[in-house]
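Undergrad: Quick one: sequence plus predicted model below, questions after.
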Amino acid sequence: MPYRILAAVLALTGAASASAADAVVVPKPVPYAEDSDIAGNIKRECDLGNTLADYIREYADKHHVEVRFAPDAKPEAPGRVLAVEIRDAVSSGNAFLGHHKSTSVHGKLYQDGKLIGSFKDRRDSMGGAFAGFKGSCSVLGRTVKAIGEDVGAWLAQPTMDAELGDLG
């Protein structure tokens, strides 16, 4: 008898997650916004776009949202598509004087070409524990990880005009 109950719960859980959320297509790498003024050394040295895409997938998976990567996710494509871009990345300070880093992103979620959700997200970091031993890209990586966690959770319950992370 207990096995039947467990089987029923698993079946209901699986059916709910499968119908509630098709796979979300996410660009990899997440592009920088065309009108952004992000320093060239950040773009060349830190690989934030690939790192962010990987964290979005990791944290979406924890919320039972499947993410698939595409080099160019088109909003008008069939299915669920997350159009996301890195709007800003600031790398002030250093390991000796103190890190002051931030990254911000904007995203829009489409279902079969129709806008169903949108967000802005920004995360700031001073480097955390042992910041004096971390490089700038490592600290920016902390901001991107936090953004990936925010976006992964948001994908499970998308809303319009959400302000995530340090904005919310």
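TA: Looks like it came in fine. Numbers count the residues shown, from 1 in each chain.
Undergrad: you'd agree residue 109 is up against residue 156?
TA: No. Using CB atoms under 8 Å, residue 109 and residue 156 do not qualify as a contacting pair, with a distance of 11.3 Å. In short, each C-beta sits where N, CA and C put it, glycine included.
Undergrad: more crowded one of those two?
TA: Taking residue 109 and residue 156 together and counting by other CB atoms under 10 Å, residue 109 has the greater number of neighbours (23 against 15).
Undergrad: Packing partners of the helix or strand where that one lies?
TA: According to DSSP states H and E, residue 109 maps onto strand 98-111. Contact here means 3 or more CB pairs under 8 Å, 6 or more residues apart in numbering; DSSP states H and E; on that basis strand 98-111 packs against strand 80-94, strand 114-125, helix 136-156.
Undergrad: Name the residues of it that come out as buried.
TA: Neighbour counts using 16 or more other CB atoms under 10 Å place 99, 101-110 of strand 98-111 among the buried residues.
Undergrad: any idea which of the helices and strands packed on strand 98-111 is most buried?
TA: Each of the helices and strands packed on strand 98-111 was given a mean neighbour count from mean count of other CB atoms under 10 Å, and the largest, a mean of 22, is that of helix 136-156.
Undergrad: Over stretch 83-100, what's the mean pLDDT, rounded is fine.
TA: When pLDDT is averaged over stretch 83-100, the result is 76.
Undergrad: low pLDDT regions in the chain?
TA: Confidence mapping of the chain against pLDDT under 70 gives the ranges 1-21, 93-99, 126-136.
Undergrad: Now do the contacts for residue 125.
TA: By CB atoms under 8 Å, 6 or more residues apart in numbering, the contact set of residue 125 is 99, 101-102, 139-140, 142-143, 146.
Undergrad: And residue 105, by the same measure?
TA: In this structure, residue 105 makes contact with 30, 52, 84-87, 120-122, 147, 151, judged by CB under 8 Å, 6+ apart.
Undergrad: that older thread, relative to residue 59, which of the helices and strands packed on strand 98-111 is closest?
TA: Counting by CB to CB, residue 59 lies closest to helix 136-156 out of the helices and strands packed on strand 98-111; the figure is 2.7 Å.
Undergrad: by contact count, what packs against the closest one?
TA: Judged by 3+ CB pairs under 8 Å, 6+ apart, helix 136-156 is in contact with helix 40-45, helix 48-62, strand 80-94, strand 98-111, strand 114-125, strand 162-165.
Undergrad: 7 Å - rerun?
TA: Counting contacts by 3 or more CB pairs under 7 Å, 6 or more residues apart in numbering; DSSP states H and E, helix 136-156 is packed against helix 48-62, strand 80-94, strand 98-111, strand 114-125, strand 162-165.
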